[in-house]
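A.B. asks: Got a predicted structure plus its sequence, pasted below:
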Amino acid sequence: MHITYSNTAEGVGWEAVRARLAVDGSDRGRSALQLQQSFAKSHAVCLARMNGVVVCTARAVCDRANSAYIVDVWTDPDLRRRGIATHVLRLLLDALGQRHAYLFTAPHHMRLYEALGFVPDDLSAGKVGDKRLIRRIP
């Protein structure tokens, strides 16, 4: 399995990505054009490709000061638990530098994010099924 990682969304076949995201509902009803625009307007992106096919995505939107929100973290269901998302997120966090990084996730994904230095933010204790996480900056 040869995976390549990039911090650009250039040359992505967004119709194919949307179709892959739709399999598990991760497209959230967005069109290929909406996905393309979302990634193009992001502060930072990271994609993993296997044989030229996008198999993992993550992007961050930023206030250009000290906060960023990570969204659209997705890995092909057949390739999960192989470290691909961990690597993509490390590259994305490196691109964010010393910014505080926030994200929302379901409880069953907590271990992935905790391993990357995210901790629960008590302000979100009332969220339904999701927790707000913050990456603490040393």
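C.D. replies: Received it, and whenever you're ready, just let me know what you need.

A.B. asks: I'd like to check which residues are in contact with the residue lying closest to M1 once chain neighbours are set aside.
C.D. replies: Distances taken as CB to CB, 6 or more residues apart in numbering place M50 nearest to M1, at 6.5 Å, with adjacent residues excluded. Any C-beta I mention is one placed from the backbone N, CA and C, and that applies to glycine too. M50 is in contact with 1-4, 79, counting by CB atoms under 8 Å, 6 or more residues apart in numbering.

A.B. asks: Also V61?
C.D. replies: So V61 contacts 41-43, 68-69, 71 (CB under 8 Å, 6+ apart).

A.B. asks: and with 7 Å instead?
C.D. replies: Counting by CB atoms under 7 Å, 6 or more residues apart in numbering, V61 makes contact with 42-43, 68-69, 71.

A.B. asks: again with A95
C.D. replies: A95 makes contacts with 7, 44, as judged by CB under 7 Å, 6+ apart.

A.B. asks: what about it, which SS state?
C.D. replies: Per DSSP: H, G, I helix; E, B strand; the rest coil, the local secondary structure of A95 is helix.

A.B. asks: in this structure, which spans are helices?
C.D. replies: Ranges of helices within the chain are 14-22, 32-40, 84-96, 110-114, based on DSSP state H.
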